[in-house]
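*Asks:* what's the 3D shape of this:
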Amino acid sequence: MADVPSNVDPATKSFLGKEMYLVVTRPVRSPEIAKRLGDHLAHQIELEKRGIMFAAGPLYPRGSETPEAGMFVLRASSFEEAEAIAKEDPLHKAGLRTFTLQKWRVNEGRITVTVDFSDQTMKIE
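*Replies:* Numbers count the residues shown, from 1 in each chain. The predicted structure follows:
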């Protein structure tokens, strides 16, 4: 188990306690975003393949099919490291998105991965 910060409630000391960094990214409305989306997605996949990206995807407001922001969760050891990673996103570098950064302490939850050997399929729930 990771070191538990002193400000963690005793009732949660045995929880996972994995710290990651949450980046919420908001577009600066511009037609340039669509032109550079491929670069952004390629960068996200590179972070995924390197084990830095935990999860990512668009955020939708209620009643809309148009995302208003995006979010990605990074494995990093500090705010400084996470910020440096976020700044390398092609859309951030081009000034087409702005972002906020928060540390996220993952305590509760569940992930289920089902792998069927017979047909080599898998499902994440």
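*Asks:* next, the buried residues of the longest helix along the chain.
*Replies:* Across the chain, the longest stretch assigned as helix under DSSP state H is helix 32-49. By 16 or more other Cβ atoms under 10 Å, the buried positions in helix 32-49 come out as Arg36, His40, His43, Gln44, Leu47. C-beta here means a position set from N, CA and C on the backbone, and glycine is covered the same way.
*Asks:* go on, stretch 60-77?
*Replies:* Quick answer for stretch 60-77 (16+ other Cβ under 10 Å): Ala69, Gly70, Phe72, Val73, Leu74, Arg75, Ala76.
*Asks:* got a list of what the closest residue to Pro61 other than its chain neighbours touches?
*Replies:* Nearest non-adjacent residue to Pro61, counting by Cβ to Cβ, 6 or more residues apart in numbering: Glu68, 5.2 Å away. Contacts for Glu68 (Cβ atoms under 8 Å, 6 or more residues apart in numbering) come out as Arg26, Leu59, Tyr60, Pro61.
*Asks:* surely the first one touches His92?
*Replies:* It refers to Arg26. No: with contact defined as Cβ atoms under 8 Å, Arg26 and His92 do not form a contacting pair (10.6 Å).
*Asks:* of the two, who's got more company?
*Replies:* Neighbour totals were compared for Arg26 and His92, and His92 leads with 17 against 14 (other Cβ atoms under 10 Å).
*Asks:* that one falls within a helix, correct?
*Replies:* Yes: under DSSP: H, G, I helix; E, B strand; the rest coil, His92 sits within a helix.
*Asks:* could I get the pLDDT score of it?
*Replies:* With respect to pLDDT, His92 has a value of 97.
*Asks:* wait, what's in contact with it?
*Replies:* Thr25, Ala86, Thr98, Phe99.
*Asks:* okay, now the unreliable bits of this structure?
*Replies:* 1-4 (pLDDT under 70).
*Asks:* do that again at 80, thanks
*Replies:* Residue ranges of the chain with pLDDT under 80: 1-7.
*Asks:* what about the strands in it?
*Replies:* Ranges of strands within the chain are 18-27, 53-59, 69-74, 97-106, 113-116, 121-124, based on DSSP state E.
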